[in-house]
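Visitor: compute the structure for the input listed below.
(one chain, ligands or ions: 1)
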Amino acid sequence: MAHLPCAQAAAMIAGHFGLAALVKSRERAVPLWSLMLATVWLDIVFVPLFLAGIETIEPAPGTHGGYGAGIIHANYTHSLLGAILLSAILGAACGARWGRQSGLVVGLVAFSHWLLDLIVHRGDLPLLPGNAGHLPTLGFGLWRAPAAAMSLELALVVAGAWLYYRAARSACLAARINTSRAAWVAALILVGGTAVLALDVTGVLG
Ligand SMILES: [Zn+2]
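Guide: Numbers count the residues shown, from 1 in each chain. Reported below is the predicted structural model:
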């Protein structure tokens, strides 16, 4: 089956979405969709660079690709400095629209993508854009233990959905409106996140 390698870079996508829901439960002023966008912002910018051949993916030695088995040369979008700059740009754009506090939250959430990727990536994250200076590249490589990486993603989805539900429910109760919407959105986060993870793991996305 033909590979869609750009999806491999988004292999942590369910975990990132889980984190978005978790942040939403604390920062209610920021729209959930903007937090979802922020968590995968670096991967969104990655796609055109990947299509242009500027950022690339290769199967890790001894693997055929698939969940967590890629060495990702996202040397601009996923360099530490590049991630900081891209997060700052998104944060500034959201801040101009929704105020400073929301902009700061969106910027930090966008940068959290890099920190989560740092846990799972196989030592392929450079410090400077274009891997300038050929400094050491980073990544703790949790993807080498796929079951552990999957568990981390699932835990983020479940925790995010649960905390979102609790926060949204109490907001509905305070406003004396029906709490069923909170339950529906939380269920969507849970089912959607788990489905994305399942597709990712079974290789339908990868
Ligand atoms: Zn990424």
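Visitor: okay, now the unreliable bits of the protein?
Guide: 1-11, 204-206 (pLDDT under 70).
Visitor: just the strands in it please.
Guide: Under the criterion DSSP state E, the chain contains strands at 56-59, 70-73.
Visitor: the first one pairs with which strands, and in what direction?
Guide: Here the strand partners of strand 56-59, with direction, are listed using DSSP bridges: strand 70-73 (antiparallel).
Visitor: point out the most buried one among the strands of the chain.
Guide: Stretch with highest mean neighbour count among the strands of the chain: strand 70-73 (a mean of 22; mean count of other C-beta atoms under 10 Å). For every residue, glycine as well, the C-beta is placed using N, CA and C.
Visitor: run the chain-centre distance for that strand.
Guide: 16 Å (C-alpha atoms, centre = their mean, to the nearest Å).
Visitor: does any bit of it sit next to the ion?
Guide: No - using C-beta under 5 Å from the ion, strand 70-73 never reaches the ion; the gap is at least 7.4 Å.
Visitor: what's near enough to touch G82?
Guide: Residues near G82 by C-beta atoms under 8 Å, 6 or more residues apart in numbering: 75-76, 129.
Visitor: can you check I13 too?
Guide: 40, 43, 196, 200.
Visitor: out of those, which is nearest to the ion?
Guide: The shortest gap between the ion and any of those belongs to D43, at 4.5 Å (C-beta to the ion).
Visitor: residues from this protein in reach of the ion?
Guide: Contact residues (C-beta under 5 Å from the ion) of the chain with the ion: 43, 117.
Visitor: all helices of the chain, in order?
Guide: Counting by DSSP state H, the chain has these helices, from start to end: 5-9, 13-26, 32-39, 41-51, 80-98, 100-120, 146-174, 180-202.
Visitor: relative to helix 32-39, how tilted is the fifth one?
Guide: Pointing back at helix 80-98 there. Calculated by axes from the mean of the first three to the mean of the last three C-alpha atoms, to 10 degrees, helix 80-98 forms an angle of 160 degrees with helix 32-39.
Visitor: what comes into contact with stretch 158-165?
Guide: The contact list for stretch 158-165 (C-beta under 8 Å, 6+ apart) reads 17-22, 24-25, 32, 182-183, 185-187, 189-190, 193.
Visitor: of these, buried ones?
Guide: Buried by 16 or more other C-beta atoms under 10 Å: 17-22, 24-25, 32, 182, 185-186, 189-190, 193, out of those.
Visitor: determine which two of those are furthest apart.
Guide: L19 and A182 (18.9 Å; C-beta to C-beta).
Visitor: number of nearby residues for H64?
Guide: 10 (other C-beta atoms under 10 Å).
Visitor: need phi/psi at it.
Guide: Here is the backbone geometry of H64 (degrees, to the nearest 10): phi -110, psi 30.
Visitor: measure it to the ion for me?
Guide: Note on H64: its distance to the ion, by C-beta to the ion, to the nearest Å, is 21 Å.
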